[in-house]
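*Asks:* Turn this into a model:
(one chain, ligands or ions: 1)
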Amino acid sequence: MGAKQQDSGDESIRRRTFGAAESVADFEARLADVRALIGAAAARAGRDASQVRLLPVSKTVPQERLRNAHAAGITHMAENKVQEAQRKSREMADLDLTWAIIGHLQTNKAKDVAEFATEFQALDSLKLAEALERRLEGFDRSLDVLVQVNTSRESSKTGLAPEDVEDFIKALPQFSRLNVRGFMTMAPFSADPARVRQSFAELRGLRDRAREYAPEGMDLSELSMGMSGDFELAIEEGATVVRVGQAIFGSRSYPA
Ligand SMILES: *Cc1c(COP(=O)(O)O)cnc(C)c1O
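*Replies:* The predicted structure is shown next:
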């Protein structure tokens, strides 16, 4: 069983636990480990690892440790809560760090995201797109965005229903400050790798179709899918961005 777990990106990985990374050397080692797993998953899929961006998810990790992560080479960090991200961006304003917001956003928080984030991965309503556009105008900024799709159809998950994606994408060119880059999804919370894989494959299929109806000039190449428990599966299914928290920073003591 041990050997099988080592070979496969499938069965075992969701149950891994990770000790806390503290020092710069810890982070260097974790990043090397994760990059090796990314490389192996890409190779299994006949892909080049350079097509997969590693997005470190720093939620719940305090500033002191994030400074060491930065010293180990991390310059772009992702958080799911805007307040926490904005506080950290201020605390570490002395570093050349940029921020991605990857969690569901209330319209009344659009201003905060528009002010400091460079990337937003959970766009799922026109109302929110409108609010972001207006606030970005105020700050004279623009924002890379991914459209979040609820491929698992779990009612607890946010994101657009797959059947609503086409109309949504076609409505986005009116928002000139949103650079729409592709799609994001979260897999079902399931220990069954087949279900997880299916959710990733669905997002890829949806992206491939979207490229055909995409408005002129909109490049929908990005697929953000896969977290610490399932990023290897996601890479095998075409992920171009993997959002990895615990495998870099250490296990969180409560569920995400
Ligand atoms: C927390 C989170 C992740 C990362 O999960 P890990 O298990 O820490 O790798 C990825 N995406 C979203 C939207 C998250 O909230």
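*Asks:* Might you enumerate the residues of the protein proximal to the ligand?
*Replies:* For the chain, the contact set with the ligand under C-beta under 6 Å from any ligand atom comprises 57, 59, 80, 102-103, 186, 227-229, 243-247, 256. Quick note: C-beta positions are derived from backbone N, CA and C, even for glycine.
*Asks:* Just the closest of the residues you listed to Leu66, please.
*Replies:* Lowest distance from Leu66 to the residues of the chain next to the ligand (C-beta to C-beta) belongs to Lys59, with 10.6 Å.
*Asks:* ok, now which ones touch the closest one?
*Replies:* 78-81, 84, 245, 252, 256 (C-beta atoms under 8 Å, 6 or more residues apart in numbering).
*Asks:* from the chain's centre, how far out does stretch 97-114 sit?
*Replies:* Put simply, stretch 97-114 sits 13 Å off its chain's centre (C-alpha atoms, centre = their mean, to the nearest Å).
*Asks:* Quick one: neighbours of the nearest residue to Thr158 once chain neighbours are set aside, just the number.
*Replies:* Of all residues beyond its chain neighbours, the one nearest Thr158 is His104 (4.2 Å), with distances taken as C-beta to C-beta, 6 or more residues apart in numbering. For His104, the neighbour count with other C-beta atoms under 10 Å is 15.
*Asks:* Can you select the buried ones from the contacts of Lys59 in ChimeraX?
*Replies:* To isolate the buried members of the contacts of Lys59 in ChimeraX, using 16 or more other C-beta atoms under 10 Å:
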select :78,79,80,81,245
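*Asks:* So which of the contacts of Lys59 belong to helices?
*Replies:* Residues of these located in helices (DSSP state H): Glu84.
*Asks:* Selecting buried members of the residues of the chain next to the ligand in PyMOL, what would you type?
*Replies:* This is the PyMOL syntax for the buried subset of these, where burial follows 16+ other C-beta under 10 Å:
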select buried, resi 57+59+80+102+103+186+227+228+229+243+244+245+246+247
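*Asks:* now the strands: where do they sit in the stretch 1-150 of the chain?
*Replies:* Counting by DSSP state E, counting those that start in this stretch, the stretch 1-150 of the chain has strands at residues 53-56, 76-79, 98-101, 119-123, 143-148.
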